[in-house]
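Asker: Model the following, please.
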Amino acid sequence: MNWFENLVNQVNNVMWNQNLLVVLLVVSGIYFTFRTKGVQFRLFGHMIKLITERTKEKKEGVSSFQAFCISTASRVGVGNLAGVVAAVSVGGPGSVFWMWVVALLSSGTAFIEATIALLYREKDPHGGYRGGAPYFIEKGLKMRWLGVIFVVFALICWAGVFQIISNSVTESFATAFNIDPRKTSIVLVVLAAVVLFGRRDKIVKVLDKMVPFMSVIYLGVVIFIIVKNITVLPSMFTNIFNHAFGIKQFLGGTFGSVVMQGVKRGLFSNEAGSGSAPCAAAAAEIEHPVKQGLVQALGVFVDTILICSATAFVILLSDGKIPEGLQGMTLLQEAFRYQVGDWGVVFTAVILFLFSFSTMLGISFYAKPNLAFLHDKLWLQEAFKVFTLVMLYVGGVRQNFLVWNLADLGLGLMTIVNLIGVYPLTSKAVEALKEYEGKFICKTK
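Answerer: Numbers count the residues shown, from 1 in each chain. This is a model prediction of the structure:
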């Protein structure tokens, strides 16, 4: 078993610690932004318009807004809280700036992969549409075997993520309420089972309500904290920009750490390029593929520019006011405690639960089309639900670092396979964008 663990660690070291994936995703973001002539900037106002126009839901299928909620659910999770705290702790305030930069670039990637997913999706015999990386790899590149490999990597990743989610929730509840992790795990499993084994559209219905609610609540409390600290806000932004380009950091040899921490957090949080979100995009009932591509690109802004920044601001506005040496969720909980009182610890635990639970549901939705790609039998879907519940319980009661490393391995490999499929099909998305702009944008001017 040691040889396997060593192999996993070596591959992860090349992908993550040696920054192979960081370089790959940043270069991809730049390339797709160039190919689309900066679609995420040019049509940002149109993206806002699309997301505020909630179309009438279909009897079968997923609305554009619901697809946005599903992908946002998987993006907005533990990484937006503990992950951002880690980035700021290691990279300092300057990492926040580079997190913003990578979000602006990554939204171009999100647009391309989502648009391609809609171009190559297919009708789901059980109702609606299905698609994603394995489908456009098979149909666009005629490489079904590579699509199968993507699904295998995705399942490895998601199995680990389920454990990470439950472990984070049980630890935060133990800190906030002194509840035994086993009890929290059981409650989490029961709630998950109610949704997973409910009606076929139960996940969509829950996320449709849950994602806007939890995002507004979290941002509302953070806005209160910002207003409360309005006098020190200018110095916080000055601190961010000074550290982002600081001579002191450059001469001290920490400039690279500042940049890489921000870049990593932005990339890993918004998931652009990993091939996950296109599964939700492909399910949308939409009149043109580019519309959903634009909506998915907006999801990157929501995840990184809004949610991740909100977390970073709470930490930075509490700098020097909380005990040193704290890390992860404990550090964030203490920052909220300082800003709003003891209930801040409880609030952080509840928000983490909502973020984590929505991520679990979002991944469960992603799993459906991927499993159908392997074998279109409902028993496989039901088996995965049971597997999900087992992973949630096991992860909640104990940490398994091998599983966590496998999650990193799966995410890295599925990203590589996804981009292998996206690059050759980019021209299809660009052509669709030109057609869309001529048909919908020009007419409105």
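
Asker: contacts, neighbours, all on C-alpha from now
Answerer: Fine.

Asker: who are the neighbours in contact with the residue nearest to residue 11 when sequence neighbours are not counted?
Answerer: For residue 11, ignoring the flanking residues on the chain, the nearest one in space by C-alpha to C-alpha, 6 or more residues apart in numbering is residue 409 at 7.3 Å. Contact partners of residue 409, counting by C-alpha atoms under 8 Å, 6 or more residues apart in numbering, are 8, 11-12, 157.

Asker: could you redo the last one with a cut-off of 7 Å?
Answerer: 8, 12, 157 (C-alpha atoms under 7 Å, 6 or more residues apart in numbering).

Asker: pLDDT averaged over the strand or helix carrying it - what is it?
Answerer: Residue 409 is part of helix 401-436, with elements assigned from DSSP states H and E. Across helix 401-436, pLDDT averages out at 89.

Asker: can you check stretch 284-296 too?
Answerer: 88.

Asker: And it, what's buried?
Answerer: Buried residues in stretch 284-296, defined by neighbour count with 16 or more other C-alpha atoms under 10 Å: 284-286, 288-296.

Asker: for stretch 40-48, same thing?
Answerer: 40, 44, 46-47.

Asker: Touching, residue 63 and residue 283? I think so.
Answerer: No - counting by C-alpha atoms under 7 Å, residue 63 does not reach residue 283; the two are 8.1 Å apart.

Asker: burial of the spatially closest residue to residue 106 that is not a sequence neighbour, as a residue count?
Answerer: Among residues not flanking residue 106 along the chain, residue 29 sits closest, at 4.9 Å (C-alpha to C-alpha, 6+ apart). Residues near residue 29, counting by other C-alpha atoms under 10 Å, number 25.

Asker: Same check on residue 20?
Answerer: Residues near residue 20, counting by other C-alpha under 10 Å: 14.

Asker: And for the one 4 residues further on?
Answerer: By the measure other C-alpha under 10 Å, the count of residues near residue 24 is 15.

Asker: Quickly find the element holding it.
Answerer: Counting by DSSP H and E, residue 24 is found in helix 20-35.

Asker: What residues sit buried inside that helix?
Answerer: Of the residues in helix 20-35, 21-23, 25-26, 28-33, 35 count as buried by neighbour count, 16+ other C-alpha under 10 Å.

Asker: pretty sure residue 36 contacts residue 430?
Answerer: Yes - counting by C-alpha under 7 Å, residue 430 is a contact partner of residue 36 at 6.2 Å.

Asker: any chance of the contacts of residue 409 in CSV, plus neighbour count and distance to residue 437?
Answerer: Shown next, in CSV, are those (neighbours: other C-alpha atoms under 10 Å; distance: C-alpha to C-alpha, whole Å):
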residue, neighbour count, distance to residue 437
8, 17, 45
12, 22, 41
157, 23, 37
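
Asker: okay, those in TSV with secondary structure and distance to residue 138 next?
Answerer: What follows is the contacts of residue 409, written out as TSV (DSSP: H, G, I helix; E, B strand; the rest coil; distance: C-alpha to C-alpha, whole Å):
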residue	secondary structure	distance to residue 138
8	helix	28
12	helix	27
157	helix	21
